[in-house]
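Engineer: Provided below are the primary sequence and the corresponding predicted coordinates.
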Amino acid sequence: MIPIAQTKMETRATCPYCGVGCGVLIEHDGQRISGVRGDPEHPANFGRLCTKGATLHLTARPETRLLYPELCGVRGEARRRVDWDEAIGVAARRFADVINEHGPDAVAFYISGQLLTEDYYVFNKAMKGLIGSNNVDTNSRLCMSSAVAAYKQTLGADAPPCAYEDFAHADCILIAGANPAYAHPVAFRRIEDAKKARPDMKIIVVDPRRTDTASGADLHLAVLPGTDIWLYNAMLHVLLWEGMVDHAFIAAHTEGFDALRDHVRDVTPAVAAQVCGVKAEDIVTAARWWGRSPAAMSLWCQGLNQSAHGTHNGAALIALSLATGKIGKPGCGPFSLTGQPNAMGGREVGGLANLISAHRDMANPEHRAEIARLWGVDSVPDKPGLTAVELFRAASEGRVKAVWIACTNPAQSLPELELVREALQRCDFVVLQEAYRSTETAPFADLMLPAATWGEKEGTVTNSERRITHVHRALPPPGEARPDWRIVCDFARVLGPLIGKPQAATMFGYEDVESIFAEHVASTAGRDLDITGLDYALLDAAGPQQWPFPAGTDVADAAGRARLYADGRFPTADGRARFVVPSQSTTLEKVDARYPLHLNTGRLRDQWHGMSRTGKVARLYSHVDEARIDLNADDMAVRGVKSGELVKVKSRRGEIVLRAFASDEVRKGQAFVAMHWGRNVLNSAGINVLMAGDFDPYSKQPELKHAAIRIDKVELPQQMLLMRAESSERAATEQAEALVPWLERFAYASLALAGRDNAAVVMRIAHDQPIPAAWLAELDALVGLDTDDALSYSDSRRGVSKRALIADDRLVGLRLAGETVAGAWLRDVMVEQQSTAELRRWLLAPLSAPPAAAKGRGRVICNCLNVSETDIAAAIAGGDDFDALQEKLKCGTSCGSCVPEIRRLVAAGRSAA
């Protein structure tokens with residue numbers, strides 16, 4: 001802890017979002033978090049943070065937290081507050097009853113890549129060591145399991161061989177199925193820095209969309225969804241044909257190349273171009289840049305992983321590194337970008353249904369025996385457990401009767417969402433261990449256990465480059481919330497005697513979290529990820545460290561751990577890497593006349609997962625404030641849809657209503673929807689209603705990246721807009737939570753926050769019939785518009801009803817029903833707290849354009865410094881280039897997440913001129 005003032009301190013932790021693992025310094029007084037900044041000494045980010053990380057302190061508020069254990073006595077009734085002893089006792093008895101009657105495989109844990117490594121370790125030990133089942137899986141199955149399987153099939157172990165510092169050494173970087181400008185922005189800043197320092201470095205981006213990452217590339221290969229393997233095979237064909245493979249490296253350090261060479265012989269650039277939908281000459285260019293670059297590396301993420309052949313996507317990409325010998329050297333190698341802050345740590349402790357601790361092989365009897373001895377049990381089960389999709393399918397069929405969910409939100413994030421909801425309803429007993437009380441999964445929980453979250457926990461995390469950081473606790477958790485590891489250990493000690501295993505008291509008798517880390521460390525001895533040289537004291541004194549770090553390692557020898565396989569030896573039986581002949585499949589679900597569009601999914605810049613944390617910060621809605629589907633303008637024109645209109649989006653599994661917008665990022669025949677929006681902000685469960693549960697045969701990772709869809713214009717003539725400005729972000733969040741139950745009443749409805757220092761709630765509604773007057777009255781009362789002080793207008797003949805509330809010359813409440821054309825500029829008037837002295841007479845008028853007295857700002861591009869698209873457009877029109885914009889408006893000078901978009905706006909301005 002670092003004192004920074006008489007009453008304030010800074011505590012070292014990490015950002016709880018993506019897998020970059022940025023170090024943060026939490027400013028606090030021991031009771032309240034007041035600020036956050038990037039840790040300038042952390043080697044993952046050197047002080048940089050993205051928009052999400054830079055607003056972490058704004059999420060550290062108690063109003064949406066689960067503070068006490070809650071138990072439902074009878075399914076369907078409201079939960080009641082109970083003490084911890086009763087909560088743990090009930091959980092242990094219910095699980096014991098199922099285990100004793102139906103066996104250990106009738107229960108399951110579903111956990112999260114946002115847990116700390118120590119939390120993961122005890123969950124894994126409780127299920128595999130105490131209960132005796134491998135039914136513990138994690139939401140990492142949805143993001144990284146294909147990368148795990150690809151690394152193991154080719155290199156022999158789940159060990160990313162590269163480091164962030166390699167960006168500065170690479171002559172060519174191939175980014176495939178990833179948009180790090182949005183999803184890993186701090187890492188992308190380092191790529192931008194490398195390009196600026198060495199302009200000759202080539203950046204190739206493979207992505208169906210022209211994302212912000214793709215827009216700054218030297219070559220963008222906009223492949224059709226699911227065709228990546230054909231592209232990499234064709235690139236390998238060119239490397240072979242033009243003599244750019246490293247035959248000496250292949251002969252000395254690999255196996256299986258002949259079979260792959262024969263496989264790609266007929267995959268010419270011309271053939272692949274037809275499959276992928278790109279130019280053959282661009283494939284040749286990409287291959288030559290890769291082959292002729294002294295140092296080349298690849299980066300990939302969900303675009304490859306979330307596929308029914310995600311493992312082979314990764315293996316085909318890794319083959320380019322192996323075939324050219326570009327691995328184990330500075331600037332070289334295949335680098336999987338981790339999707340969550342501690343998915344790596346979870347994999348290290350065996351926190352997936354097919355893994356056991358420290359990268360051991362579940363099928364290996366010696367490996368299972370080693371873990372059994374360490375844990376003090378007779379045996380560890382040898383049959384892989386149920387993976388994420390399988391687990392909930394089993395629950396829907398009645399085979400899994402009790403499930404414990406921790407730090408994740410399956411009712412929003414899994415595919416086959418209707419089946420998941422059915423599974424949770426059918427399951428005899430559902431435990432939800434969670435920091436937030438109102439996630440989409442919460443209504444299904446029989447027992448809710450309040451967990452500590454960011455800023456309140458101690459432990460370790462491992463980032464994408466294998467770097468372990470000791471995370472410190474800044475504050476005690478609120479209410480009766482407890483650290484995740486303690487909850488699991490309390491449960492295990494009570495459960496053990498009930499299932500005939502009294503040794504649970506010893507197995508889970510940890511005095512503190514550090515003792516769990518010490519046991520995890522001991523489990524890694526002699527393994528590829530050996531960290532027997534690490535403890536909390538060393539991590540605090542020397543800073544975050546990359547594994548392997550065996551006992552006796554010199555801390556100063558960081559270069560020796562930055563990248564793996566420099567000696568050409570791989571963790572396989574014979575020390576050789578493997579080439580894999582990949583599948584030739586494309587997307588599992590095909591488009592056809594009924595479902596003619598490819599749907600692609602992904603992340604937004606300023607939101608995270610299911611928004612249980614970021615969704616509480618008003619400014620994080622400033623870039624995109626409503627769920628939407630992006631379409632090619634030609635596809636919209638054919639269907640008679642205009643930007644901003646509502647459409648029905650339908651797949652073979654379900655349908656949702658979204659607002660459609662034309663986007664030049666999307667190719668004809670394709671569409672894009674972000675993954676974040678769920679039932680807390682929409683009247684539907686969001687995009688995963690549309691997604692199938694089909695998964696990769698090796699990784700069991702579902703194809704969440706693609707579905708075949710159709711869109712149809714939907715007529716919902718009854719429009720309504722409801723807005724309320726609040727005195728604080730806390731009050732706005734509480735107001736939004738009160739409005740959530742109203743969402744399902746309407747054919748379309750969305751909720752958002754707006755503003756910055758002055759937060760407001762925005763509810764947009766469209767309905768297929770007149771909205772009942774009683775509903776309007778209830779909503780008016782809910783947001784304080786039922787006062788005689790409110791301005792009002794009503795035209796019953798036209799079905800128009802409006803109310804506006806002014807306080808201290810500021811617009812603080814608004815409800816427009818039947819006609820909403822003024823909504824956009826009135827939103828700006830409210831959140832910018834503009835004076836209504838000259839606007840009062842226009843507040844209820846049907847004006848689509850603001851009157852002269854109103855100052856519309858539009859979308860915010862630079863969230864850190866509150867610079868809007870209107871501000872930037874005006875400066876560009878005045879002749880400013882990118883450097884001048886940064887000098888005058890300061891946009892893009894803080895976290896830099898908005899830099900690619902600003903550059904696009906500048907380029908568009910030049911083109912228009």
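Structural biologist: All right, it came through fine.

Engineer: Phi and psi next, for the residue nearest the centre of the chain.
Structural biologist: Centroid check for the chain by Cα atoms, centre = their mean gives residue 609 as the closest residue, at 4.3 Å. Backbone torsions of residue 609, given as degrees, to the nearest 10, read phi 40, psi -120.

Engineer: So it versus residue 351, what's the distance?
Structural biologist: Distance of residue 609 to residue 351, given as Cβ to Cβ, to the nearest Å: 18 Å. Every C-beta, even on glycine, is put in place using the N, C-alpha and C of the backbone.

Engineer: returning to that earlier point: please give me every residue in contact with the residue nearest to the centre of the chain.
Structural biologist: Contacts for residue 609 were tallied using Cβ atoms under 8 Å, 6 or more residues apart in numbering; they are 409, 413, 675-676.

Engineer: now, among those, which is nearest to residue 178?
Structural biologist: residue 675 (14.3 Å; Cβ to Cβ).

Engineer: so who does the residue nearest to residue 619 when sequence neighbours are not counted touch?
Structural biologist: Take residue 619 and drop its neighbours on the chain: the residue closest to it by Cβ to Cβ, 6 or more residues apart in numbering is residue 756, 4.8 Å away. Residues near residue 756 by Cβ under 8 Å, 6+ apart: 618-619, 622, 831, 866.

Engineer: for those residues, which one is nearest residue 722?
Structural biologist: Closest to residue 722, out of all of the contacts of residue 756 and judged by Cβ to Cβ, is residue 831, at 14.4 Å.

Engineer: my read: the closest one touches residue 754, true?
Structural biologist: Yes - taking contacts as Cβ atoms under 8 Å, residue 831 lies within contact range of residue 754: 4.9 Å.

Engineer: Quick check: neighbours shared by those two?
Structural biologist: residue 760.

Engineer: which one of the two has more residues nearby?
Structural biologist: residue 831 (24 against 21; other Cβ atoms under 10 Å).

Engineer: Give me the neighbour count for the residue lying closest to that one once chain neighbours are set aside.
Structural biologist: Distance criterion Cβ to Cβ, 6+ apart; nearest residue to residue 831, sequence neighbours excluded, is residue 755 at 3.7 Å. If you count neighbours by other Cβ under 10 Å, residue 755 ends up with 23.

Engineer: Now do the same contact list for residue 755.
Structural biologist: Residue 755 is in contact with 618-619, 725, 732, 830-831, counting by Cβ under 8 Å, 6+ apart.

Engineer: Over to residue 531?
Structural biologist: Neighbours of residue 531 in contact, by Cβ under 8 Å, 6+ apart: 468, 521, 524, 547-550.

Engineer: now do residue 783
Structural biologist: 722, 724, 735, 739, 761, 813, 815.

Engineer: wait, doesn't the third one sit right on residue 724?
Structural biologist: Looking back up the chat, that one is residue 735. Yes - between residue 735 and residue 724 a contact is recorded at 5.9 Å, counting by Cβ under 8 Å.

Engineer: average pLDDT across the strand or helix carrying residue 634?
Structural biologist: Element membership for residue 634 (DSSP states H and E) is helix 633-638. For helix 633-638, the mean pLDDT works out to 98.

Engineer: List the buried residues of that helix.
Structural biologist: Residues of helix 633-638 classed as buried: 635-636 (neighbour count, 16 or more other Cβ atoms under 10 Å).

Engineer: which element is residue 273 on?
Structural biologist: helix 269-276.

Engineer: contact partners of that helix?
Structural biologist: With Cβ under 8 Å, 6+ apart, helix 269-276 has contacts from 221, 223-224, 227, 230-231, 233-234, 237-238, 279-281, 283-284, 287, 586.

Engineer: Of the residues you listed, select the buried ones using a ChimeraX command.
Structural biologist: Those of the contacts of helix 269-276 that count as buried under 16+ other Cβ under 10 Å are selected in ChimeraX with:
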select :221,223,224,227,230,231,233,234,237,238,280,283,284,287,586
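
Engineer: Among the contacts of helix 269-276, which are located in helices?
Structural biologist: Residues of the contacts of helix 269-276 located in helices (DSSP state H): 230-231, 233-234, 237-238, 280-281, 283-284, 287.

Engineer: what's the closest of the residues you listed to residue 604?
Structural biologist: Nearest to residue 604 among the ones in helices among the contacts of helix 269-276, with distances taken as Cβ to Cβ, is residue 231, at 26.3 Å.

Engineer: Pull up the gap between the closest residue to that closest one other than its chain neighbours and residue 235, please.
Structural biologist: Spatially, and ignoring its direct neighbours in sequence, residue 231 is nearest to residue 276 (5.3 Å; Cβ to Cβ, 6+ apart). Separation of residue 276 from residue 235 (Cβ to Cβ): 11 Å.

Engineer: the more surrounded of those two?
Structural biologist: Taking other Cβ under 10 Å, residue 276 and residue 235 do not tie; residue 235 has more neighbours (31 against 26).

Engineer: That one reaches residue 287, doesn't it?
Structural biologist: Yes - the pair residue 235 and residue 287 qualifies as a contact (Cβ under 8 Å) at a distance of 4.1 Å.

Engineer: Helices along the stretch 151-300 of the chain, start to end?
Structural biologist: 180-183, 185-197, 212-215, 228-241, 247-253, 257-264, 269-276, 280-292 (DSSP state H, counting those that start in this stretch).

Engineer: I'd like the distance from the third one to the chain centre, please.
Structural biologist: Yep, that's helix 212-215 we're talking about. 19 Å (Cα atoms, centre = their mean, to the nearest Å).

Engineer: Show me what it packs onto, helices and strands only.
Structural biologist: Where contact means 3 or more Cβ pairs under 8 Å, 6 or more residues apart in numbering; DSSP states H and E, helix 212-215 is packed against helix 180-183, helix 899-912.

Engineer: For stretch 500-511, which residues meet the burial criterion?
Structural biologist: For stretch 500-511, using 16+ other Cβ under 10 Å, the buried residues are 501, 504, 507-508, 510.

Engineer: Adding pLDDT, write those out as JSON lines.
Structural biologist: Compiled in JSON lines, those are given as follows (pLDDT from 0 to 100):
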{"residue": "501", "pLDDT": "97"}
{"residue": "504", "pLDDT": "98"}
{"residue": "507", "pLDDT": "98"}
{"residue": "508", "pLDDT": "98"}
{"residue": "510", "pLDDT": "98"}
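
Engineer: May I have the beta-bridge partners of the residue nearest to residue 831?
Structural biologist: residue 759 (DSSP bridges).

Engineer: The one 10 residues further on too?
Structural biologist: For residue 765, the beta-bridge partners under DSSP bridges are residue 720, residue 749.

Engineer: I'd guessed it sits against residue 723; true?
Structural biologist: No - contact between residue 765 and residue 723 fails when scored by Cβ under 8 Å: they sit 11.7 Å apart.

Engineer: So for residue 184, what's the pLDDT?
Structural biologist: pLDDT, residue 184: 96.

Engineer: and what of the one 10 residues further on?
Structural biologist: Turning to residue 194, the model gives it a pLDDT of 98.

Engineer: what's the neighbour count on it?
Structural biologist: When neighbours are defined as other Cβ under 10 Å, residue 194 has 19 of them.
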